[in-house]
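S.K.: Sequence plus predicted model, see below.
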Amino acid sequence: MLTVKKVEFEHPQVWFSLALAVILFFSPWILGFTAETVAAWTAWGTAIAIVALCIAAIVEFAEWEGWIALLLGFWLVVAPWFVGFTNIITARWTHVVLGTLVTAVAVWEVWSIRKSEAA
């Protein structure tokens, strides 16, 4: 039988990451860069990866999820240059800003885990 765990609010970073992923997912439509397929698919794919990571963290929280979120945030920051859509200003800044926020939340998450383990 499938049991559902009570969702804990001990790690608010997961919810911030989930909100950022939703914003990232809808940003190509909201900001109008769906025609730029590389930028749009980078946003959609990374957002889906972050959502999957957040669901995993809600089901059973683990430190590795914070490290993967950190990598995904860093990926968002460098993706415009790595994948090649730096000339699309809206898409570039969307990825850089949201990537910086995802990275900051992931650093906060890993730091809070390490701090609680040290205590």
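M.R.: Done, it's in.

S.K.: how about the helices in the chain?
M.R.: Listed in chain order, the helices of the chain (DSSP state H) span 12-31, 37-59, 63-79, 89-118.

S.K.: Tell me the buried residues in the longest one?
M.R.: Right, the one you point to is helix 89-118. 91-92, 94-99, 101-103, 105-106, 108-110, 113 (16 or more other CB atoms under 10 Å). C-beta: built from backbone N, CA, C; applies to glycine.

S.K.: wait, what's in contact with the residue positioned nearest the centre of the chain?
M.R.: Centre of the chain computed as the mean C-alpha position; nearest residue by CA atoms, centre = their mean is residue 50, 4.3 Å away. Residue 50 makes contacts with 17, 18, 20, 21, 24, 69, 72, 102, as judged by CB atoms under 8 Å, 6 or more residues apart in numbering.

S.K.: next one: residue 46
M.R.: 24, 72, 75, 76, 79.

S.K.: Find the nearest non-adjacent residue to residue 63, please.
M.R.: Closest residue in space to residue 63, ignoring its immediate chain neighbours: residue 113 at 5.1 Å, by CB to CB, 6 or more residues apart in numbering.

S.K.: try residue 44
M.R.: Residue 44's closest residue in space is residue 25 (CB to CB, 6+ apart), at 6.0 Å.

S.K.: So the one you found sits against residue 45, correct?
M.R.: No. Residue 25 lies out of contact with residue 45 (CB atoms under 8 Å); the separation is 9.6 Å.

S.K.: Looking at the two, which one has more neighbours?
M.R.: residue 25 (18 against 14; other CB atoms under 10 Å).
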